[in-house]
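[1] need a structure here:
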Amino acid sequence: EKRMTIRDVLKSAFSWLFEMEAQMNGICDKMGEASPEELETMMEELGTIQDMLTMHDFYIIDSKVEEVARALGLTAIGLDKDVTDLSGGQRTKILLGKLLLEKPDILLLDEPTNYLDAEHIEWLKRYLQEYENAFILISHDIPFLNSVVNLIYHMDNQELNRYVGDYDHFQEVYAVKKAQLEAAYNRQQLKDFVARNKARVATRNMAMSRQKKLDKMDVIELAKEKPKPEFNFKTARTPSRFVVETDDLIIGYDEPLSKPLNLKVERGEKIALTGANGIGKSTLLKSILGIIPPISGKVHLGDYLEIGYFEQEMPQGNKNTCIEEIWEVFPSYTQYEVRAALAKCGLTTKHIESLVRVLSGGEQAKVRLCKIINRETNVLILDEPTNHLDVDAKEELKRALKEYKGTILMVCHEPEFYEGLATDVWDCSQWTTRI
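    Model (predicted):
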């Protein structure tokens, strides 16, 4: 709601306790006019409410709110900031914080590590390991999954199957089960033999015998393989030696987010930007691109640059279908070429014909990647490209970026993604003013 601060939203997790406090204050206001009998009833009611408030830590709500806000990096944004002025990623973190403060009997978490940096993921990991109630978690962050879950439910071929253990153990068991299913399926292909040999006198009896075996079997259907993405970036002409240089660059909006920065990015370098949320990583990328002006200082871009930019979020209010989204960037493409480009990124026909805004975060990311992959670039500026992507898409993206001949400047909070890919890692906490 408008005019609600981050602190207000987090404290609303305890709204029922504030209602009890208001009820207690209402009783206190009436006590001066109450009869002795009414007063005794009121005192009993007050005692009950007081016990409930104390039991549920009502008098330390502010410190609990501060603790969760600090753990999720919200204090860096400012707890008195109006939530309507925040990005989608920041609002997602606030809702996660509110949910954790509510401590429900069952916690439902859909990709909770998106928008969290390594330090905050560590805190959430410890929180879930110690959580006394149940939680159901969807995540593509495998190290995180392995550290907090003890049951896996896997949806495959319209069936939901239960596996005891962590994700790595599930993969081992699932691989064995899949091999067994494929072997059983191959044995069941006896029906091809039956169909071919029923009419031939010499083999008719053998065919009938095998038909009886088939009649006793349950029909086995193999799951359709889901489309796997193929990311192959096109490379433009070689740019100048220095791709980006900054002179005493200070980034920020109303106030500085950084000390004066003198940075150099050379052709062919692949740099990962790391550090806590809210310290200016995305702001630096936007300042380099000229999307937002710096507070002071200069950005110098090299010659012959063809830049591909992956934003962390899709702009609000997008009413395009996936086909229209690609056509806007590549108007000369035929519909077949647009569909083929999207399919190559791992999208099904159903996804391709849908509105972009109804797709999942991972599917939207694939549409945005499709726009970058199909034009020639020599510099990629990527803001959290792994957010929402599934395991297969992450692996394929990492392979494609390792093979890419151009320069990469990438914000990423997943060490297992940028290790072996980045030629250098910049810790942005070294120059931020937010710490």
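[2] and Lys93, how far from Ala71?
    The gap separating Lys93 from Ala71 is 10 Å, by Cβ to Cβ, to the nearest Å. Backbone N, C-alpha and C define where each C-beta goes, glycine included.
[3] more crowded one of the two?
    Under the neighbour definition other Cβ atoms under 10 Å, Lys93 and Ala71 were set side by side, and Lys93 has more, 24 against 19.
[4] packing partners of the helix or strand containing that one?
    Assessed by DSSP states H and E, Lys93 sits inside helix 88-102. Applying 3 or more Cβ pairs under 8 Å, 6 or more residues apart in numbering; DSSP states H and E, we find helix 88-102 packed against helix 6-11, helix 61-71, strand 106-110.
[5] most tightly surrounded among these?
    Relative to the other members of the helices and strands packed on helix 88-102, helix 6-11 carries the highest mean neighbour count by mean count of other Cβ atoms under 10 Å, namely a mean of 20.
[6] contacts for that helix, please.
    For helix 6-11, contacts defined as Cβ atoms under 8 Å, 6 or more residues apart in numbering pick out 18, 61, 65, 68-69, 74, 77-81, 83, 86, 94-95, 97-98, 101.
[7] export it as PDB, just CAs?
    Coordinates of each C-alpha in helix 6-11 appear next as PDB, following Å, rounded to 0.1, in the frame of the first residue of the first chain:
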ATOM      1  CA  ILE A   6       9.500  -1.400   4.900                       C
ATOM      2  CA  ARG A   7       9.200  -1.300   8.700                       C
ATOM      3  CA  ASP A   8       5.400  -1.100   8.500                       C
ATOM      4  CA  VAL A   9       5.200  -4.100   6.200                       C
ATOM      5  CA  LEU A  10       7.500  -6.200   8.400                       C
ATOM      6  CA  LYS A  11       5.600  -5.200  11.600                       C
END
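[8] return the set of buried residues in stretch 253-271.
    256-258, 261, 263, 265-271 (16 or more other Cβ atoms under 10 Å).
[9] export it to PDB, keeping only CA atoms.
    These are the backbone C-alpha positions of stretch 253-271, laid out as PDB (Å, rounded to 0.1, in the frame of the first residue of the first chain):
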ATOM      1  CA  TYR A 253      20.500   8.400  -7.100                       C
ATOM      2  CA  ASP A 254      19.700  11.000  -4.400                       C
ATOM      3  CA  GLU A 255      22.900  10.200  -2.500                       C
ATOM      4  CA  PRO A 256      26.200   8.600  -3.300                       C
ATOM      5  CA  LEU A 257      26.400   4.800  -3.300                       C
ATOM      6  CA  SER A 258      30.200   4.600  -4.000                       C
ATOM      7  CA  LYS A 259      33.500   6.200  -3.400                       C
ATOM      8  CA  PRO A 260      35.200   7.600  -6.500                       C
ATOM      9  CA  LEU A 261      35.800   4.700  -8.800                       C
ATOM     10  CA  ASN A 262      38.700   4.400 -11.300                       C
ATOM     11  CA  LEU A 263      37.900   1.100 -13.100                       C
ATOM     12  CA  LYS A 264      39.200  -0.500 -16.300                       C
ATOM     13  CA  VAL A 265      37.700  -3.400 -18.200                       C
ATOM     14  CA  GLU A 266      39.900  -4.700 -21.000                       C
ATOM     15  CA  ARG A 267      38.700  -6.600 -24.100                       C
ATOM     16  CA  GLY A 268      38.200 -10.300 -23.400                       C
ATOM     17  CA  GLU A 269      37.900 -10.000 -19.600                       C
ATOM     18  CA  LYS A 270      35.000 -11.700 -17.900                       C
ATOM     19  CA  ILE A 271      34.300 -10.000 -14.600                       C
END
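[10] circling back to that earlier point, mind putting the helices and strands packed on helix 88-102 into JSON lines with distance to Leu369 and mean pLDDT?
    JSON lines is the format used below for the helices and strands packed on helix 88-102 (distance: least, Cβ to Cβ, whole Å; pLDDT from 0 to 100):
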{"stretch": "helix 6-11", "distance to Leu369": "32", "mean pLDDT": "93"}
{"stretch": "helix 61-71", "distance to Leu369": "31", "mean pLDDT": "91"}
{"stretch": "strand 106-110", "distance to Leu369": "21", "mean pLDDT": "92"}
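[11] picking that back up, got the angle for the helix holding Lys93 vs helix 61-71?
    Using axes from the mean of the first three to the mean of the last three Cα atoms, to 10 degrees, the interaxial angle of helix 88-102 with respect to helix 61-71 works out to 140 degrees.
[12] can you pull the buried residues of helix 88-102?
    Neighbour-count burial for helix 88-102, with 16+ other Cβ under 10 Å as criterion, is recorded at 89-90, 92-94, 96-101.
[13] contact partners of it?
    Taking Cβ under 8 Å, 6+ apart as the criterion, the residues outside helix 88-102 that touch it are 6, 9-10, 12-14, 64-65, 68-69, 72-74, 77, 83, 86, 107, 109, 112, 114-116, 127, 277-278, 312-313, 316.
[14] kindly report the same for stretch 246-264.
    242, 244-245, 279-280, 283-284, 287-288, 292, 294-300, 431-434.
[15] now find how far off-centre it is within its chain.
    Chain-centre distance of stretch 246-264: 28 Å, with Cα atoms, centre = their mean, to the nearest Å.
[16] equivalent analysis for stretch 317-329, please.
    Worked out by Cα atoms, centre = their mean, stretch 317-329 lies 22 Å from the chain centre.
[17] could you list the buried residues of it?
    Residues of stretch 317-329 classed as buried by neighbour count (16+ other Cβ under 10 Å): 322-323, 325-327.
[18] could you export it as CSV, CA atoms only?
    Extracted in CSV, the C-alpha atoms of stretch 317-329 (Å, rounded to 0.1, in the frame of the first residue of the first chain):
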residue,chain,number,x,y,z
GLY,A,317,3.2,-3.3,-18.0
ASN,A,318,4.5,-5.5,-20.8
LYS,A,319,1.5,-6.7,-22.9
ASN,A,320,3.4,-8.5,-25.7
THR,A,321,3.3,-12.1,-26.6
CYS,A,322,6.7,-13.8,-26.7
ILE,A,323,6.5,-13.7,-30.5
GLU,A,324,5.8,-9.9,-30.5
GLU,A,325,8.6,-9.4,-28.0
ILE,A,326,11.1,-10.9,-30.4
TRP,A,327,9.6,-9.3,-33.5
GLU,A,328,10.1,-5.8,-31.9
VAL,A,329,13.9,-6.4,-31.8
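[19] where are the low-confidence patches of the stretch 201-350 of the chain?
    201-225 (pLDDT under 70).
[20] where do the strands of it begin and end?
    Chain-ordered strands for the stretch 201-350 of the chain, with DSSP state E, counting those that start in this stretch as the definition, fall at 234-235, 242-250, 264-266, 270-274, 296-301, 307-310.
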